[in-house]
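[1] whatever this is, show me its structure:
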Amino acid sequence: MANDKNASALVMKMGINLTHESQAPSQKRTASANKEWKKLIADFQQPHVGKAVWQIINTLVPIAAIWVACYFLKDISLLYCIPLALLGGLFLVRTFIIFHDCGHGSFFKSKRANSIVGFITGLLTFTPYRMWSWEHARHHATNGDLDRRGIGDIWTLTVEEYISGSRRLQLSYRFIRNPIILFVFGPLVLFIILQRFSHSKSKGRERQSVYVMNATLVGWCVGMSMIFGFLPWLVIQLTMMSIASLFGLWLFYVQHQFEDTYWATSDDWDYTTAAMAGSSYYNLPRILQWFSGNIGYHHIHHLNPRIPNYNLERCHHSHPFFQDAPELRFFNSLKSIQLRLWDEVNGRMISFRELKQQLALREAKPTAS
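    Sure thing, here's the model as predicted:
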């Protein structure tokens with residue numbers, strides 16, 4: 001019921017009159033809404049070569065400069081390299097956004113240009129281009145669909161799934177959703193280890209991209225360790241990767257795992273509502289918005305992933321409809337860390353503490369009656 005209300009509200013925002021459609025199927029309303037927002041969004045999905053090239057320059061040149069500076073500073077003291085490596089990690093986040101856009105075919109108009117830049121930025125972020133693009137496309141196609149979880153998303157259980165699950169499942173889930181594991185160790189494991197393997201459901205091209213990237217990374221690691229020395233290179237590389245992966249995973253997490261996000265079964269799932277209600281507008285400070293490549297306008301990105309990151313902000317401000325997404329700011333987004341389970345009854349994410357309170361109330365009701 002709540003999902004139907006959300007969908008109707010979104011349609012009304014578009015100025016579509018539902019008075020004579022009250023008995024019509026929800027699919028008809030959804031089709032009307034899609035037609036309207038697709039008209040508004042069309043101009044913003046056109047790539048711009050100048051903006052794309054400038055973004056490559058102002059992202060990859062600083063990374064190269066940081067590596068050069070670290071090369072000369074390491075002989076004075078490796079400690080001098082740490083602040084630069086931390087800054088390099090932020091530039092790697094921006095690099096990943098370029099990689100991300102190439103995977104959607106939105107950064108350049110040319111498919112070949114997207115593939116070349118995608119491979120280079122994938123090398124810098126330790127991510128196989130084709131495999132990741134395939135998994136991420138699945139995420140976009142299934143975001144908020146309870147029946148199609150499992151590829152390209154963060155493991156999320158419903159309250160009833162958790163309660164009825166085995167003790168092993170519950171312990172595993174608590175371990176994975178622990179903030180230290182999820183945001184500190186997990187991101188490094190994801191990018192350094194898990195990305196070295198292909199998904200069991202992937203096909204030949206995606207699997208091959210993993211093998212090619214792994215071989216290229218061996219060359220990168222050996223070459224850089226020969227230039228810098230193994231220990232200095234390892235310290236600098238891990239520092240960059242730690243910051244980049246932590247920040248990157250946090251962005252992905254908070255843009256879908258906030259309290260009033262959207263989840264629905266396949267029968268009730270709606271693409272437009274999933275984009276606008278299940279993806280947050282993360283209103284970050286300007287400097288963090290720059291380093292994160294405007295990905296805070298995540299609702300726009302989920303409406304149409306063919307919009308390049310450099311057009312997301314303009315699209316957001318172009319029409320009131322696009323500004324109707326849930327808005328989060330940095331400090332109030334931190335409470336999302338405690339959210340663990342999707343409560344289907346109340347339609348929101350809850351913490352384990354809230355689950356405990358719910359279970360206590362369930363046990364108390366028979367006694368009270």
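
[2] got a pLDDT number for residue 101?
    Here, the pLDDT recorded for residue 101 equals 98.

[3] now swap in the one 3 residues further on and tell me
    For residue 104, the pLDDT comes out at 97.

[4] what is the neighbour count of it?
    If you count neighbours by other C-beta atoms under 10 Å, residue 104 ends up with 20. Bear in mind the C-beta positions are built from the backbone N, C-alpha and C, glycine included.

[5] give me the distance between it and residue 235.
    The spacing between residue 104 and residue 235, counted by C-beta to C-beta, to the nearest Å, is 34 Å.

[6] show me the strands in the stretch 51-200 of the chain, by range?
    Counting by DSSP state E, counting those that start in this stretch, the stretch 51-200 of the chain has strands at residues 157-158.

[7] any idea which element the residue nearest to the spatial centre of the chain lies in?
    In the chain, the C-alpha nearest the mean C-alpha coordinate belongs to residue 252, at 3.0 Å (C-alpha atoms, centre = their mean). Assigned by DSSP states H and E, residue 252 belongs to helix 230-254.

[8] so how far is the helix or strand following that helix from its chain's centroid?
    On the C-terminal side of helix 230-254, the closest following helix or strand by DSSP H and E is helix 271-277. In terms of C-alpha atoms, centre = their mean, to the nearest Å, the centre of helix 271-277 is found 15 Å from the chain centre.

[9] check which helices and strands helix 271-277 sits against.
    helix 2-13, helix 26-41, helix 298-303 (3 or more C-beta pairs under 8 Å, 6 or more residues apart in numbering; DSSP states H and E).

[10] quick one on the thing from earlier: can you pull the contacts of the residue nearest to the centre of the chain?
    Counting by C-beta atoms under 8 Å, 6 or more residues apart in numbering, residue 252 touches residue 154.

[11] ok, it to residue 83 distance?
    Taking C-beta to C-beta, one finds residue 252 at 26 Å from residue 83.

[12] wait, is residue 282 part of a helix?
    No - counting by DSSP: H, G, I helix; E, B strand; the rest coil, residue 282 falls outside a helix, being strand.

[13] hmm, it is touching residue 251, no?
    Yes - counting by C-beta atoms under 8 Å, residue 251 is a contact partner of residue 282 at 7.1 Å.

[14] what touches both of the two?
    Taking C-beta under 8 Å, 6+ apart as the criterion, residue 282 and residue 251 both touch 295-296.

[15] neighbour count for these two, which is higher?
    Each of residue 282 and residue 251 has its neighbours counted (other C-beta under 10 Å); residue 282 has more, 25 against 20.

[16] what's opposite the more buried one in the beta bridge?
    Residue 282 has these beta-bridge partners by DSSP bridges: residue 328.

[17] mind listing what it touches?
    Going by C-beta under 8 Å, 6+ apart, residue 282 touches 251, 254-255, 295-298, 328-329, 333.

[18] ok, it to residue 256 distance?
    Residue 282 is 11 Å from residue 256, by C-beta to C-beta.

[19] overlap of the contact sets of these two?
    With C-beta under 8 Å, 6+ apart, residue 282 and residue 256 have common neighbours residue 298.

[20] count the residues that sit near residue 281.
    Here the number of neighbours of residue 281 (other C-beta under 10 Å) works out to 21.

[21] buried set for stretch 111-125?
    For stretch 111-125, burial by neighbour count (16 or more other C-beta atoms under 10 Å) applies to 113-115, 117-125.

[22] stretch 139-159 now?
    Here stretch 139-159 shows 139-140, 142-146, 149, 151-153, 156-159 as buried, counting by 16+ other C-beta under 10 Å.

[23] helices of the stretch 1-150 of the chain, start to end?
    2-13, 26-41, 49-73, 81-104, 111-124, 129-142 (DSSP state H, counting those that start in this stretch).

[24] can you check what angle separates the fourth one from helix 111-124?
    Spelled out, it's helix 81-104. Helix 81-104 and helix 111-124 are oriented at 150 degrees to each other (axes from the mean of the first three to the mean of the last three C-alpha atoms, to 10 degrees).

[25] need the distance between the two termini of stretch 188-206.
    From its first residue to its last, stretch 188-206 covers 22 Å (C-alpha to C-alpha, to the nearest Å).

[26] now do that stretch: distance to the chain's middle.
    17 Å.

[27] just stretch 311-326 next, same as before
    18 Å.

[28] which of the helices of the stretch 1-150 of the chain sits closest to residue 181?
    Shortest distance between residue 181 and the helices of the stretch 1-150 of the chain, using C-beta to C-beta, is found for helix 81-104: 19.6 Å.
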